[in-house]
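Chemist: Pasting a predicted model and its sequence here:
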Amino acid sequence: MSEKKILTATEQPDTGSALKKSLEMTSADVVFEVRESEIRGRGGAGFPTGIKWNLAGAASGSNKMVICNADEGEPGTFKDRYLIENYALKLLEGMTIAGYAIGSSHGIIYLRAEYPYLIPIIEKAREDLIRENLLGENILGKDFNFDIEIRPGAGAYVCGEETSLIESLEGKRGVPRNKPPYPVNSGYLFRPTVVNNVETFAAVPHIILNGAEWFQDLGIGDCTGTKLFSISGDIENPGVYELPMGSTIGELLEAAGAKDVQAVQVGGASGATITADELERSLSFDDLPPGGSVIVFNSSRDLMDVLENFLEFFVHESCGQCTTCREGNVRLLDAVHLIRNGEISSMEELEPFFQLAEVMKIGSKCGLGQTSPNCFIDIVTRFIDLPDGKGGA
Amino acid sequence: MSRNPQKIVFDAVAKYGSGREAVVQILTEINRELGYIPEESIVAVADAVGVSNAEIYSVISFYSFFSTEPRGRNIIRLCTTISCEMKGSREILETIEAELGIKAGATTPDGRITLETTSCIGLCDQAPAILVNDTPHTRLTPDETRRIIAGLE
């Protein structure tokens, strides 16, 4: 398979055509169409979007909320920036359709603090839609009001986790909540809330216009649709690529022009580190995490440098709420230093750190602490030569 | 000339309300205008929202864009995450440090520029990258970096 541009196609469906079609359907039918498409959350966690919308639509409570998670902070991911830069109208239209589907009149885009230059782009798209009566009051003459507010973050990776994001929107420290209750029942200000990624909302108009079956046929099995990938590192053409879900990592690397591959980090720092022998593996919810970040390392790279960089990132970004994550990442970084200094020279000596990694996975509340040990396990077990403490190169 | 910190809080509360959910927006406004959030603003926000000073401080300390120390008129945020590091962010950091005579985390004595390192800023396809105030600069070379710094007021 090669590139298949839908969300990033040059020719886009007319703005508002999907919203118009949605408003001619019942809200239940819109939710049904999205559910049948089997689209799963594009932020990485992969929760079925239609089920989320169904739950929020059915939840009791007024002032339901549609929130767009535009806080992409995973190292190596920039696809949402690209979508907003180029397809902001589709994002806003997808959010408006979500508002109609769940019975909400208020949308918020939580935009990461590092993207202040995208604010004017979103504001312009919003104004254009209001002028066309595709946003605001009595949209397309119907009894449906919806508006969208931009709320910038203030710099915290963990706020990409949806309950942290909600805490941040409520003016608090962005620390993850206990679940349940889930946001669909009690989210922003205890209101039923749908939180979806930028790419998920941007896909919705295409699903409504072309139908669930069309979307299913784009992907493989229950991993439907296309997916955007941000590729960077040692490749010829870094950038955003859209491929059918379930494509292999090798197909993506070919599209981006990778010549010399020692290792690939798939799914960001919290994802998986694979070797050049595994390029047949697929980017799907069944195999390699399809969140969007792909970083290529050529044979000159010492993977210990990579691991150290990732763990420094996690030490800095842990919110500190769970001891396993707050302290665990510091200890794993210590282990990296010990390996590099030659103070750890055998796998047996690393055993306590592997145990710690397991404790972090089960003892941390959110995805950060649950996934941050992945890079340590992958790189140390697959790339490191002991006792010289080098990781390839 | 920037406005009085309490006046900024007053205007921000008029704009965003005095609900708890307005706190990050109010703090963003102060931080943007003054470059940091002084103690008297913390007290004013706490009073307006009806929570303790410590509660407001805890929010400030959580987010990397907020500061309780005065910062320069310009803030350079240099990405040190892996894709930028592989494309030479270390050399760019050394260039800026040499040019300004300060280390990352510090502000030039004349208050012109604060230099910070940051986690991934989502410009990995155009590495190495920095954010100068609200503007991204990408595919940097040491020469280009020096030129950008020279252009800052």
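Modeler: The structure has been received and is ready for your questions.
Chemist: what's stretch A:242-251 in contact with?
Modeler: A:1-8, A:218-221, A:223-229, A:252, A:255, A:264, A:266, A:274, A:278-284, A:288, A:290, A:294 (C-beta atoms under 8 Å, 6 or more residues apart in numbering or on different chains). Quick note: C-beta positions are derived from backbone N, CA and C, even for glycine.
Chemist: quick one, what contacts B:A104?
Modeler: So B:A104 contacts B:78, B:93, B:97, B:115-117 (C-beta under 8 Å, 6+ apart).
Chemist: Widest-spaced pair of those residues?
Modeler: The widest separation within these, taken as C-beta to C-beta, falls between B:E97 and B:E116 and amounts to 11.9 Å.
Chemist: Please identify which of these two sits among more neighbours.
Modeler: B:E116 (19 against 15; other C-beta atoms under 10 Å in any protein chain shown).
Chemist: From the contacts of stretch A:242-251, list the buried ones, please.
Modeler: A:4, A:6-8, A:218-220, A:223-229, A:252, A:255, A:264, A:266, A:274, A:278-279, A:281-284, A:288, A:290, A:294 (16 or more other C-beta atoms under 10 Å in any protein chain shown).
Chemist: Out of these, name the ones that lie in helices.
Modeler: Among the buried ones among the contacts of stretch A:242-251, DSSP state H puts A:218, A:252, A:255 in helices.
Chemist: residue contacts, the second one?
Modeler: Under the criterion of C-beta under 8 Å, 6+ apart, the contact partners of A:L252 comprise A:229, A:231, A:241, A:243, A:283, A:294.
Chemist: ok, it to chain B distance?
Modeler: Note on A:L252: its distance to chain B, by C-beta to the nearest C-beta, to the nearest Å, is 14 Å.
Chemist: Could you do the first one as well?
Modeler: A:L218 sits 24 Å away from chain B, taking C-beta to the nearest C-beta as the criterion.
Chemist: Could you double-check that that residue sits in contact with A:K5?
Modeler: No. Between A:L218 and A:K5 there is no contact under C-beta atoms under 8 Å: 11.0 Å.
Chemist: joint contacts of these two?
Modeler: What both A:L218 and A:K5 touch, as defined by C-beta under 8 Å, 6+ apart, is the set A:T226.
Chemist: Also within reach of chain A: list those from the contacts of B:A104.
Modeler: Near chain A, judged by C-beta under 8 Å from any C-beta of the partner chain, there are no entries from the contacts of B:A104.
Chemist: Any chance of JSON lines for those, columns pLDDT and secondary structure?
Modeler: Formatted as JSON lines, the contacts of B:A104 follow (pLDDT from 0 to 100; DSSP: H, G, I helix; E, B strand; the rest coil):
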{"residue": "B:L78", "pLDDT": "98", "secondary structure": "strand"}
{"residue": "B:L93", "pLDDT": "98", "secondary structure": "helix"}
{"residue": "B:E97", "pLDDT": "98", "secondary structure": "helix"}
{"residue": "B:L115", "pLDDT": "98", "secondary structure": "strand"}
{"residue": "B:E116", "pLDDT": "97", "secondary structure": "strand"}
{"residue": "B:T117", "pLDDT": "97", "secondary structure": "strand"}
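Chemist: follow-up on the earlier one: out of the contacts of stretch A:242-251, which are inside strands?
Modeler: A:226-229, A:264, A:266, A:274, A:294 (DSSP state E).
Chemist: in chain B, what residue sits furthest out from the centroid?
Modeler: In chain B, B:G50 marks the outermost C-alpha relative to the chain mean, sitting 26.5 Å out by C-alpha atoms, centre = their mean.
Chemist: mind checking the SS state of A:N63?
Modeler: Secondary structure, DSSP: H, G, I helix; E, B strand; the rest coil: A:N63 is coil.
Chemist: the strands in chain A, which residues?
Modeler: Secondary structure of chain A (DSSP E): strands located at A:65-70, A:106-111, A:147-152, A:193-197, A:226-233, A:239-244, A:263-266, A:272-275, A:293-297, A:384-385, A:390-391.
Chemist: Show me what from the stretch 101-250 of chain A comes close to chain B.
Modeler: Going by C-beta under 8 Å from any C-beta, the residues of the stretch 101-250 of chain A near chain B are A:112-117, A:151-157, A:168-174, A:188-189, A:230-234, A:238-240.
Chemist: Just the buried ones from these?
Modeler: Judged by 16+ other C-beta under 10 Å, buried ones among these: A:112-116, A:151-157, A:168-174, A:188, A:230-234, A:238-240.
Chemist: got the domain boundaries for the chain?
Modeler: Looking at chain A here, since you left the chain open. Using automatic domain parsing, the domain parsing of chain A gives A:17-218, A:226-297, A:303-391.
Chemist: The chain in question should be chain B.
Modeler: B:5-62, B:74-150.
Chemist: In JSON lines: those, plus distance to A:P387.
Modeler: As requested, the domains of chain B are arranged in JSON lines below (distance: least, C-beta to C-beta, whole Å):
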{"stretch": "domain B:5-62", "distance to A:P387": "40"}
{"stretch": "domain B:74-150", "distance to A:P387": "25"}
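Chemist: So which of those domains is nearest A:G76?
Modeler: Comparing those by C-beta to C-beta, domain B:74-150 comes nearest, at 5.2 Å.
Chemist: quick one, what contacts A:V158?
Modeler: Contacts of A:V158 (C-beta under 8 Å, 6+ apart): A:164, A:174-176, A:317-319, A:366, A:368.
Chemist: Which of those fall in helices?
Modeler: The members of the contacts of A:V158 that map onto helices under DSSP H are A:164, A:317, A:368.
Chemist: For PyMOL, write the select line for the buried members of these.
Modeler: Buried subset of the ones in helices among the contacts of A:V158, written as a PyMOL selection, criterion 16+ other C-beta under 10 Å:
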select buried, chain A and resi 164+317+368
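Chemist: Specify which member of the ones in helices among the contacts of A:V158 is nearest to chain B.
Modeler: For the ones in helices among the contacts of A:V158, the closest approach to chain B (C-beta to the nearest C-beta) belongs to A:E317, at 6.2 Å.
Chemist: The closest one and B:T118 touch, don't they?
Modeler: No. Using C-beta under 8 Å, A:E317 makes no contact with B:T118, being 10.9 Å away.
Chemist: okay, now residue 18: neighbour count?
Modeler: No chain specified, so I'll use chain A. A:A18: 23 neighbours (other C-beta under 10 Å).
Chemist: actually chain B
Modeler: B:S18 has 15 nearby residues by other C-beta under 10 Å.
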